[in-house]
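>>> requesting a structural model of the entry that follows:
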Amino acid sequence: MLPGLLIGLWAQMKLHSAFSKYSQVPVDSGMTGAEVARRILDQAGLVNVSVAEVAGHLSDHYDPVKKALFLSSDNFHGRTIAAVGVAAHESGHALQHLHQDTLFNLRMALVPVTQFASHAWMGVIVLGMVLHSPHFHFMLIAVAIFSVLTLFQLVTLPVEYDASARAKEQLFRLGLVHETERAGVSKVLDAAALTYVAALVSSVLQLLYYVSAARRS
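Model prediction:
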């Protein structure tokens, strides 16, 4: 489990380093993240998708149920390469929803199951201890539930990479950033994608640990 933790910390450091650097670099267009998101959505015909400000740092996300794109304050008002890169990435998720992307829809379907599994797997182990039941049986159930979390991470990774690819395409196709800004946008989006790679690796290693523990039981 330790390698997964270290990889996760490394990915977070890369993300914060890239974001901190490019949140200080103004974008030539002078547009805010909110304006860039609005332009991408409108060009795709998604005029009914709202763009709103949300509290928190890097709390940006697209809500497919509310059909709304939420940007953290720094990215909503920011006129930097980091702000427009993140805004475009979240807009990429809205485009996935529009085009009924298969993996995006699968991730949406897994969300409620994942929310349950994220709490249930540890509860099953504790329940086994409380009831003094055979540890092996409860470990097997916990492993099965935790597998859902790993599946979610496996599906999430290509969804996030595709959103970043769509973001880059829209930013340059619509002339929202210039060619000289391509490297900065890519570094921000690639650093963000690394966090999902780390999450998947960590989840797989953790699952293998629990499988090993179940076998020992």
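
>>> which residues of this structure fall in helices?
2-22, 33-43, 73-77, 81-98, 102-131, 135-173, 182-216 (DSSP state H).

>>> kindly calculate the angle that the longest one makes with helix 81-98.
With axes from the mean of the first three to the mean of the last three Cα atoms, to 10 degrees applied, the angle from helix 135-173 to helix 81-98 works out at 110 degrees.

>>> tell me which residues of helix 135-173 are tucked away?
For helix 135-173, burial by neighbour count (16 or more other Cβ atoms under 10 Å) applies to 138-143, 145-153, 155-157, 159-164, 166-168, 170-172. Using the backbone N, CA and C atoms, a C-beta is placed for each residue, glycine as well.

>>> which helices and strands sit right next to the one helix or strand in the chain whose mean pLDDT sits lowest?
Ranking every helix and strand in the chain by mean pLDDT, DSSP states H and E puts helix 102-131 at the bottom, with a mean of 83. Using 3 or more Cβ pairs under 8 Å, 6 or more residues apart in numbering; DSSP states H and E, the elements in contact with helix 102-131 are helix 81-98, helix 135-173.

>>> what average pLDDT does the last one get?
Summarised as a single mean, pLDDT over helix 135-173 is 89.

>>> go on, the first one?
The predicted model gives helix 81-98 an average pLDDT of 96.

>>> follow-up on the earlier one: tell me the angle of the least confident helix or strand of the chain relative to helix 81-98?
Interaxial angle of helix 102-131 relative to helix 81-98 (the same axes, to 10 degrees): 90 degrees.

>>> to residue 30, which of the helices and strands packed on helix 102-131 lies closest?
helix 81-98 (10.3 Å; Cβ to Cβ).

>>> in that closest one, what's buried?
Quick answer for helix 81-98 (16+ other Cβ under 10 Å): 81-97.

>>> any idea how far it is from the middle of the chain?
Relative to its chain's centre, helix 81-98 lies at 11 Å (Cα atoms, centre = their mean, to the nearest Å).

>>> so what secondary structure elements neighbour it?
helix 2-22, helix 33-43, strand 61-63, strand 68-72, helix 73-77, helix 102-131, helix 135-173, helix 182-216.

>>> for the third one, buried residues please.
Right, strand 61-63. So for strand 61-63, counting by 16+ other Cβ under 10 Å, buried means 62, 63.
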